[in-house]
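**Student:** Kindly return the folded structure for what I paste below:
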Amino acid sequence: MHTAIVTMINNEGFFLPLWISHYGNIEGANLVIIDHGTTDGSTNKCQMSNVSYVNVPQSRPYSEMDRCNFVSDFCNSLRYYYDCVIFTDVDEFLVLDPNIEDDIITHIAKNGTKVIAPIGLNVVQLLGEEKTIDINKPVFEQRNYAYFDTTYCKPIITKQSVKWRPGFHYCNQSSALDESIYLFHLRDFDLENSILRSETRVNSLLESGRSPETVFANSGYTGKRAIGLWGRPANSIRKKFDNYQSFERIEGPQFDFSKEPGMVKLSEIIDESGTYKRMVREIGNKLHKIPSDFSRSITGLRG
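**Tutor:** Model prediction:
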């Protein structure tokens, strides 16, 4: 199955090498990186034979709605030549259950659903227990827990044309949850990087003279709430990381999300064909131990 995996970036020197390393190891996949005005030199260091860059100028005020419309149209155009197109943000990593013998592309090909959503998990750093991440080493040898989040059960694996909405959390087509594919969201997997990345994004926004409202145009957010979606203050990030210590911890040899309220709500809106269309927002407050089977699922740059 001809497959393209797409992301869109701007000055992502930390995550881009990891994203390319992870998805570049998927046999048969071509990577397409939409570069929206990178100036930090990171794209020059990330070259592989199966990686293509598409340069997009910052010729107009940033709008999340514009980004979604552009990526939707771009990915739909790729489907003239690709059987499957996958879009992820640069801090999102798809992983197939290691206990399944197929590779992820073969598994997706066997899934008859046209739009597939993975299990969404936010990986966290437990301060005082886990050190600053070493990006050269396997991620899950350094991070042990993640919490379930329905908003990251994104319909991003597509075998038909779709129109995504802001954040790519939902689209205009029904999708089916594939409980053998996991989306590991790494935004909060390292405090130091989270603060630095947030500051870089806010500074980029403010130095350009763009207002927070233009960033999330048509999203209904304004002022501090709008800029908070683009980049979070350092004290807010630290508070969130501290709060992870209060989460209940679920230990076990395998993932089990059957009792998660979000999973229950997802099951309630699945129709008789096994698909669902509208988004359910339910963020868990339980830290699930990442099974040892996943220890090398995101290998790091020298894994």
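**Student:** Every contact and neighbour count from this point should use C-alpha atoms.
**Tutor:** OK.
**Student:** now the helix or strand harbouring residue 121: mean pLDDT?
**Tutor:** The secondary structure element spanning residue 121 is strand 115-124 (assigned by DSSP states H and E). Taken as a whole, strand 115-124 has a mean pLDDT of 96.
**Student:** helices or strands up against that strand?
**Tutor:** Applying 3 or more Cα pairs under 8 Å, 6 or more residues apart in numbering; DSSP states H and E, we find strand 115-124 packed against strand 145-148, strand 157-158, strand 176-185.
**Student:** Let's see that with 10 Å instead.
**Tutor:** strand 84-87, strand 92-96, strand 145-148, strand 157-158, strand 176-185, strand 286-289 (3 or more Cα pairs under 10 Å, 6 or more residues apart in numbering; DSSP states H and E).
**Student:** what's the spacing between the spatially most central residue of the chain and residue 24?
**Tutor:** In the chain, the C-alpha closest to the average C-alpha coordinate belongs to residue 92, at a distance of 2.7 Å (Cα atoms, centre = their mean). When Cα to Cα, to the nearest Å is applied, the distance between residue 92 and residue 24 equals 14 Å.
**Student:** Next: residue 192.
**Tutor:** Separation of residue 192 from residue 24 (Cα to Cα) stands at 26 Å.
**Student:** if you count what's nearby, which of those two comes out ahead?
**Tutor:** For residue 192 against residue 24, the residue with the higher neighbour count under other Cα atoms under 10 Å is residue 24, and the figures read 18 against 14.
**Student:** What residues does that one make contact with?
**Tutor:** Counting by Cα atoms under 10 Å, 6 or more residues apart in numbering, residue 24 makes contact with 5, 18, 30-31, 48-51.
**Student:** The helix or strand hosting residue 106 - contacts with which helices or strands?
**Tutor:** Of the helices and strands defined by DSSP H and E, residue 106 is found in helix 104-110. Contact partners of helix 104-110 among helices and strands, from 3+ Cα pairs under 10 Å, 6+ apart: strand 3-9, strand 84-87, strand 92-96, strand 176-185.
**Student:** so where is the stretch 201-303 of the chain shaky, pLDDT-wise?
**Tutor:** Counting by pLDDT under 70, the stretch 201-303 of the chain contains low-confidence ranges at 202-231, 264-282, 303.
**Student:** where exactly do the strands run in it?
**Tutor:** Taking DSSP state E, counting those that start in this stretch as the criterion, the stretch 201-303 of the chain carries its strands at 248-250, 286-289.
**Student:** neighbouring strands for the last one, and are they parallel or not?
**Tutor:** Each strand that strand 286-289 pairs with, and the sense of that pairing, follows from DSSP bridges: strand 145-148 (antiparallel), strand 248-250 (parallel).
**Student:** how about those strands in JSON lines, adding distance to residue 298?
**Tutor:** Below are those laid out as JSON lines (distance: least, Cα to Cα, whole Å):
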{"stretch": "strand 145-148", "distance to residue 298": "14"}
{"stretch": "strand 248-250", "distance to residue 298": "22"}
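**Student:** what's the most buried one of those?
**Tutor:** Relative to the other members of the strands paired with strand 286-289, strand 145-148 carries the highest mean neighbour count by mean count of other Cα atoms under 10 Å, namely a mean of 25.
**Student:** averaged over its residues, what pLDDT does that one have?
**Tutor:** Across strand 145-148, pLDDT averages out at 96.
**Student:** Relative to the whole chain's centre, how far out is it?
**Tutor:** On the basis of Cα atoms, centre = their mean, to the nearest Å, the separation between the geometric centre of strand 145-148 and that of its chain is 14 Å.
**Student:** Buried residues, the helix or strand hosting residue 66. List them.
**Tutor:** Using DSSP H and E, residue 66 falls within helix 64-78. For helix 64-78, the buried set under the neighbour-count rule, 16 or more other Cα atoms under 10 Å, comprises 64-69, 71-72, 75-76, 78.
**Student:** So which elements touch it?
**Tutor:** Counting contacts by 3+ Cα pairs under 10 Å, 6+ apart, helix 64-78 packs against strand 3-9, strand 29-35, strand 84-87, helix 212-215.
**Student:** could I get these as TSV with mean neighbour count and distance to residue 129?
**Tutor:** Shown next, in TSV, are the helices and strands packed on helix 64-78 (neighbours: other Cα atoms under 10 Å; distance: least, Cα to Cα, whole Å):
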stretch	mean neighbour count	distance to residue 129
strand 3-9	22	31
strand 29-35	21	35
strand 84-87	24	33
helix 212-215	21	36
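**Student:** who wins for proximity to residue 168 among these?
**Tutor:** The closest of the helices and strands packed on helix 64-78 to residue 168 is strand 84-87. By Cα to Cα, the value is 8.7 Å.
**Student:** Return the list of strands paired to the closest one, each annotated with direction.
**Tutor:** For strand 84-87, the pairing partners within the sheet under DSSP bridges are strand 3-9 (parallel), strand 157-158 (antiparallel).
**Student:** I appreciate the help and will end here.
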